[in-house]
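Visitor: Prediction below, plus the sequence it came from.
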Amino acid sequence: MRAFLLPLLAAFSLTGHAMAQTPAFPDNAKLLEIIKSRVDDGRATGLVLGVIEADGSTRIVSYGNAGEGAPPLGPDTVFEIGSITKVFTTTVLADMVLKNEVTLDAPAQVNAPSGMTLPKRGDNQITLANLAEQNSGLPRLPLNMAPADMNNPYADYTTDQLNAYLGSHKLRRDPGAEFEYSNLGMGVLGNVLACRAGQDYETLVKERILKPLGMDSSGITLTPAMQAALAKGHGADGSPARNWDLPSLAGAGALRSTATDMLKFLAANLGEPQNDLERAMRLAHQPRFTLSPNSEIGLGWITMTTKSGAHLVFHDGGTGGYGAIAGFDPARNVGLVLLGNRTGIPEDIAIHLMDPAFPLAPPPAAKPERAVVAVPEKDLNALTGVYALDAMPTFQLTVTITNGQLNVAATGQGAYPVFAESPLKFFYKVVDAQLTFIPAADGKPAAVILHQGGADQRATKVS
């Protein structure tokens, strides 16, 4: 589950004496051509794209493989939406604020569930606003996560483990001081709000958002109808992937939805608010904390100011087998949602459709084949363990071996095989990244260097 600061933009033009609105998006044939090319060149498995125009009209196109045993992709295909869940959590927060159930600047501890003690720094406590603005000081993930199955990494992380971590964690900075994207923080926010409402998180979101908007094919628990419509997830290499479960951090990324339902959600976020829920949505949009010279975060939603001065509001998300992005331009009342059943999402498609001047990403250039060498299994065994990134200890690489094959799982991602080009140098085939292992020596622990995107990042072995 991730957040990208995307320079989204769409042109708005008025033509004719009646000031008729020109559609913001291409016709369906062109929309289909764009997503079809991405699937056909192997960078996506299946995609469903929905757009909403300024007049409220919606269009949905789909193309690709829904997965073995799944029905064909379409408007009502169910996907995991990952971190887009976060803006549902923050919309609930905004709704509670407007109904005087909570206040943004109150310590989150006031409404925390029994057994949960949030860390503080001196007299500075984490507020509900800090959790929603991603500046609570909590790390991206709790360090005591030790998934039994890296293909479903949150599934066995319990409330007791969460409470134990929060009770012992020392904040590295004051709450509100600095942005740090935190699945942990947003999961905590979901739990705190659910406790305040006296409901579980899923029931809270259903009653406050999903039912009022008629989002009948959205939720965490897969109903029989949702299960039947579920696209099968795929990993980065296109192989089948497990669905994710987030029992103790649901507010960070547990929801599933469809293009039809997500367009209902976007429609409620556009135009003049007509009811309490829509007024809460507008509160959630309002920028509150600066991320960069051209981007800010409100309650969950990220706003990007483009070079032309447009303000775009968006969030994206990803799990081990799915990717999603939803964004809109409140000034022009247009938006889109793009859902895919492979980990990651082609953000460039969303950017291009919102700003046609932004080019679509070309297919990656073919890379020369690397020669694979055989390494004795005893030598591979010596490399196994958990390595924590020196610059971000919460991000870890878990190295395992199965039937002589070395596999590496990054925090929050599935396990993928790596192949030896020398006894200590390995490479991925699913992504352009390499690993160089450094054995323990001179009293220093073993380490591994991750080479990716022109950067070399060291991770020290911790277990």
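Guide: That came through, no problem.
Visitor: rest of the way, CA atoms for contacts and neighbours
Guide: Noted.
Visitor: And this protein, split by domain according to the record?
Guide: 14-354, 377-461 (automatic domain parsing).
Visitor: now the ones you listed as a markdown table including distance to Ala371 and mean neighbour count?
Guide: Output for the domains of the chain, formatted as a markdown table (distance: least, C-alpha to C-alpha, whole Å; neighbours: other C-alpha atoms under 10 Å):
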| stretch | distance to Ala371 | mean neighbour count |
| --- | --- | --- |
| domain 14-354 | 19 | 20 |
| domain 377-461 | 6 | 17 |
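Visitor: how about CSV for these, with distance to Ala365 and mean pLDDT added?
Guide: Below are the domains of the chain laid out as CSV (distance: least, C-alpha to C-alpha, whole Å; pLDDT from 0 to 100):
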stretch, distance to Ala365, mean pLDDT
domain 14-354, 12, 94
domain 377-461, 11, 89
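Visitor: quick one: which of the ones you listed is nearest Pro362?
Guide: For the domains of the chain, the distance to Pro362 is smallest for domain 14-354, at 9.6 Å, taking C-alpha to C-alpha.
Visitor: Figure out how far the closest one is from the centre of its chain.
Guide: Centre-to-centre, domain 14-354 and its host chain are 7 Å apart (C-alpha atoms, centre = their mean, to the nearest Å).
Visitor: Would you enumerate the residues in contact with Pro260?
Guide: That one is not Pro; residue 260 is Thr. 50, 60, 75-76 (C-alpha atoms under 8 Å, 6 or more residues apart in numbering).
Visitor: What is the nearest of those residues to Lys170?
Guide: Gly50 (43.2 Å).
Visitor: Could you list the alpha-carbon positions for the host helix or strand of that closest one in PDB?
Guide: Take DSSP states H and E as the rule and Gly50 turns out to sit in strand 46-52. Extracted C-alpha coordinates of strand 46-52, given in PDB (Å, rounded to 0.1, in the frame of the first residue of the first chain):
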ATOM      1  CA  GLY A  46      -6.400  -6.900 -16.500                       C
ATOM      2  CA  LEU A  47      -7.600  -3.300 -16.200                       C
ATOM      3  CA  VAL A  48     -10.900  -1.600 -15.600                       C
ATOM      4  CA  LEU A  49     -11.100   2.200 -16.200                       C
ATOM      5  CA  GLY A  50     -13.900   4.400 -15.200                       C
ATOM      6  CA  VAL A  51     -14.300   8.200 -15.900                       C
ATOM      7  CA  ILE A  52     -16.800  10.700 -14.700                       C
END
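Visitor: Direction included, what does that strand pair against?
Guide: Strand pairing for strand 46-52, using DSSP bridges, gives strand 58-64 (antiparallel), strand 334-340 (antiparallel).
Visitor: These into JSON lines, with extra columns for distance to Pro212?
Guide: Output for the strands paired with strand 46-52, formatted as JSON lines (distance: least, C-alpha to C-alpha, whole Å):
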{"stretch": "strand 58-64", "distance to Pro212": "19"}
{"stretch": "strand 334-340", "distance to Pro212": "20"}
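Visitor: how near is Lys36 to Gly46?
Guide: Per C-alpha to C-alpha, to the nearest Å, Lys36 is found 9 Å from Gly46.
Visitor: where do the contact lists of those two overlap?
Guide: Joint contacts of Lys36 and Gly46 (C-alpha under 8 Å, 6+ apart) are 63-64.
Visitor: Ramachandran coordinates for Pro368?
Guide: The phi/psi pair for Pro368 (degrees, to the nearest 10) reads phi -60, psi 150.
Visitor: Distance-wise, check it relative to Lys429.
Guide: 11 Å.
Visitor: Over to Glu377?
Guide: In this view, Glu377 and Lys429 are 20 Å apart by C-alpha to C-alpha.
Visitor: State the pLDDT value of Pro359.
Guide: Reading off the confidence values, Pro359 has pLDDT 86.
Visitor: before we move on, what about the one 5 residues further on?
Guide: At Pro364, the predicted lDDT confidence score is 77.
Visitor: OK, contacts around it?
Guide: Pro364 makes contact with no residue, according to C-alpha under 8 Å, 6+ apart.
Visitor: Switch the domains of the chain over to a markdown table; also include distance to Pro363.
Guide: Formatted as a markdown table, the domains of the chain follow (distance: least, C-alpha to C-alpha, whole Å):
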| stretch | distance to Pro363 |
| --- | --- |
| domain 14-354 | 7 |
| domain 377-461 | 14 |
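Visitor: hang on, Arg196 packs against Asn111?
Guide: Yes: in this structure, Arg196 is within contact of Asn111 by C-alpha atoms under 8 Å, at 5.6 Å.
Visitor: Would you map the helices across the stretch 351-463 of the chain?
Guide: 377-381 (DSSP state H, counting those that start in this stretch).
Visitor: Locate the residue nearest the centre of the chain within the secondary structure: which element?
Guide: Geometric centre of the chain, nearest residue: Gly317, 2.4 Å, by C-alpha atoms, centre = their mean. Assessed by DSSP H and E, Gly317 sits inside strand 311-318.
Visitor: for that strand, packing partners?
Guide: The elements that strand 311-318 packs onto, with contact taken as 3 or more C-alpha pairs under 8 Å, 6 or more residues apart in numbering; DSSP states H and E, are strand 302-305, strand 323-329.
Visitor: Kindly recompute the last result at 10 Å.
Guide: helix 85-98, strand 295-297, strand 302-305, strand 323-329, strand 334-340 (3 or more C-alpha pairs under 10 Å, 6 or more residues apart in numbering; DSSP states H and E).
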